[in-house]
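*Asks:* Mind folding the following:
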Amino acid sequence: MRHIAVFDIGKTNAKLLAVDLATGAETSVAKRPNAVLADGPYPHYDIDGLWRFVIDGLRRLAARQAVDAISITTHGAAAVLLDGAGGLALPALDYEHAGPDDLAAEYDALRPGFSETGSPRLPMGLNLGAQIFWQARCFPEGFARTKAILTWPQYWSFRLSGVMASEPTSLGCHTDLWNPWAADFSGLVDRMGWRRLLPPVRPAATVLGPVLPAVVAATALPAGTPVISGIHDSNASLVPWLGKDGPRAVLSTGTWMIVMGLGGGQVALDGARDLLVNVNARGEPVPTARYMAGREFDEITGGHVVTPDAAALEAVLRRGVMAMPSLHPGTGPFPGLRFGWLGEAKDDGGTGRGGLVLRCADGGGMPGADRGGGAGDRRRAVRRQCGFRADAGDGDRARGDRGGAGGGHRAGGGAAGRAAGHCAPDPRRCCQGGRALVAPGTPRSAGRTDRRMGKGAGRPSRHERRFLPRLATGEPSGFVAMMSPMWAHHFRITG
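*Replies:* Residues are numbered from 1 along each chain as shown. Here you go, the predicted model:
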């Protein structure tokens, strides 16, 4: 097994990629937006469009090279309700739809606690259990037709192979449906009578079967091409590190920045700060932190990314300019804080390299930018909540270490701020409400983070699809991750 087709559905984009396991080469075959449709009873994913996209991509790929297997990775918090014929009982709900919030009180009375599932209570449909509960209550006729519930990767493996499965990494990503310590469905599933709708649980690397004859006819793939069950995309980035010695943190970046700890000591996680327990490809619990870095970065910059020069970086650092969380205040480690710019904002009119950094600092034209007064109050509030400790001479100016909006690695400001020795958050207070992720007295250098900063450090990682073929072969793979300085301090794992 060498040539793998990977169907990769992120929250923003869907891609079909070809991976050569022998060389590690990765080729993008096709890409399209993961569109959300507004027709029907609620916003939903464009399943028909995605199906046409993957069939067309597989046909083009099969015409130019061998395809030895098909693997699937998708974002979490999505499921498909199927009728007895394998069609849609209801549209696949977009997890950013606020409908489930209407039944929050009723759902909260039924959902398991954090101690059972490791799932924090999240807004909208980010808890998959809340989605299904809302669909069952608000669309009873459609739900009555439901004969199977498939998580998002397993829906696509079913479409390709005709075989249904449930899978732990997708069930274990803040769904409320999975008990990661018991490796079984949570009490909510039995209380709601949903266990009968969930197919047997199979590991992510399971070959469910060959592609269906109809897929062979539509794509010219060889009959017998195996279809792998699939995996939650963030968990795909953990695969090369499973079984390695020593503690480490692994980052998965895209619409979300996900930070996962392996091999560390047990810690008390605060679900109110978007800390949770994921489940890796072995079915093991994984402490996880996250925030919507990619989405926020794109919204703040309007999709216009530049590489700042040294003068622009120095200007931003000198003025103490920072983008403070959060454009999406229901996510990330700072609940309740709203996005705004801190520091002395000034647009030098720069239009070359670095011009965008200064324009971002000014906040002009940026959605949600707060250019009014009260910057000092916001700065102090954030410093109190995060536990900033200022170095000598820093005064009240929070500078540099937090980097650019939604991930300082992209603008370079975070790394420069660390080197300049400006304000640093205290890891013993961040994200734990006073509980430490590191043992008291542990030196700051003791927390290990696996990352590579080099020529590609200004670009977001798209590594998840490389790891999926390794699920079937167990082969090692490289790992490239960019670390926001924010998470360098907020999530550290020690042995």
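*Asks:* from here on, contacts and neighbour counts on C-alpha atoms
*Replies:* Noted.
*Asks:* Dump the one helix or strand residue 28 maps to to PDB, keeping only the CA atoms.
*Replies:* Under the criterion of DSSP states H and E, residue 28 resides in strand 26-33. Extracted in PDB, the C-alpha atoms of strand 26-33 (Å, rounded to 0.1, in the frame of the first residue of the first chain):
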ATOM      1  CA  GLU A  26       1.700  15.100  -1.000                       C
ATOM      2  CA  THR A  27      -0.200  16.500  -4.000                       C
ATOM      3  CA  SER A  28      -3.400  18.500  -3.900                       C
ATOM      4  CA  VAL A  29      -5.800  17.000  -6.400                       C
ATOM      5  CA  ALA A  30      -8.800  19.400  -5.800                       C
ATOM      6  CA  LYS A  31     -10.100  21.900  -3.300                       C
ATOM      7  CA  ARG A  32     -13.500  23.500  -2.700                       C
ATOM      8  CA  PRO A  33     -15.200  25.400   0.100                       C
END
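*Asks:* packing partners for the next helix-or-strand element following it?
*Replies:* Downstream of strand 26-33, the next assigned helix or strand under DSSP H and E is strand 36-37. Using 3 or more Cα pairs under 8 Å, 6 or more residues apart in numbering; DSSP states H and E, the elements in contact with strand 36-37 are strand 44-45.
*Asks:* Which parts of this structure belong to which domain?
*Replies:* As given by automatic domain parsing, the domain ranges for the chain are 3-234, 240-495.
*Asks:* what distance separates the start and the end of the shortest one?
*Replies:* Meaning domain 3-234. 22 Å (Cα to Cα, to the nearest Å).
*Asks:* same question for it, mean pLDDT?
*Replies:* Across domain 3-234, pLDDT averages out at 96.
*Asks:* Surely residue 231 touches residue 170?
*Replies:* Yes. Taking Cα atoms under 8 Å as the definition, residue 231 is a contact partner of residue 170 at 6.6 Å.
*Asks:* who touches both of those two?
*Replies:* residue 153 (Cα atoms under 8 Å, 6 or more residues apart in numbering).
*Asks:* Comparing these two, which shows the higher neighbour count?
*Replies:* Neighbours were counted for residue 231 and for residue 170 using other Cα atoms under 10 Å; residue 170 has more, 35 against 32.
*Asks:* can you pull the contacts of the more buried one?
*Replies:* Residue 170 makes contact with 76, 77, 151, 152, 153, 231, 232 under the criterion Cα under 8 Å, 6+ apart.
*Asks:* Save those residues as TSV, and put in secondary structure and distance to residue 60 too.
*Replies:* Output for the contacts of residue 170, formatted as TSV (DSSP: H, G, I helix; E, B strand; the rest coil; distance: Cα to Cα, whole Å):
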residue	secondary structure	distance to residue 60
76	coil	28
77	coil	30
151	strand	27
152	helix	24
153	helix	22
231	strand	24
232	strand	26
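*Asks:* between those, which is nearest residue 126?
*Replies:* residue 77 (5.5 Å; Cα to Cα).
*Asks:* wait, isn't the closest one in contact with residue 128?
*Replies:* Yes. Between residue 77 and residue 128 there is a contact at 5.1 Å, judged by Cα under 8 Å.
*Asks:* and for those two, which residues touch both?
*Replies:* With Cα under 8 Å, 6+ apart, residue 77 and residue 128 have common neighbours 174, 175.
*Asks:* Sort out which residues of stretch 86-105 are buried, please.
*Replies:* For stretch 86-105, the neighbour count (16 or more other Cα atoms under 10 Å) marks 86, 88-95, 97, 99-101, 104 as buried.
*Asks:* do the same with stretch 72-88
*Replies:* Neighbour counts using 16+ other Cα under 10 Å place 72-83, 86, 88 of stretch 72-88 among the buried residues.
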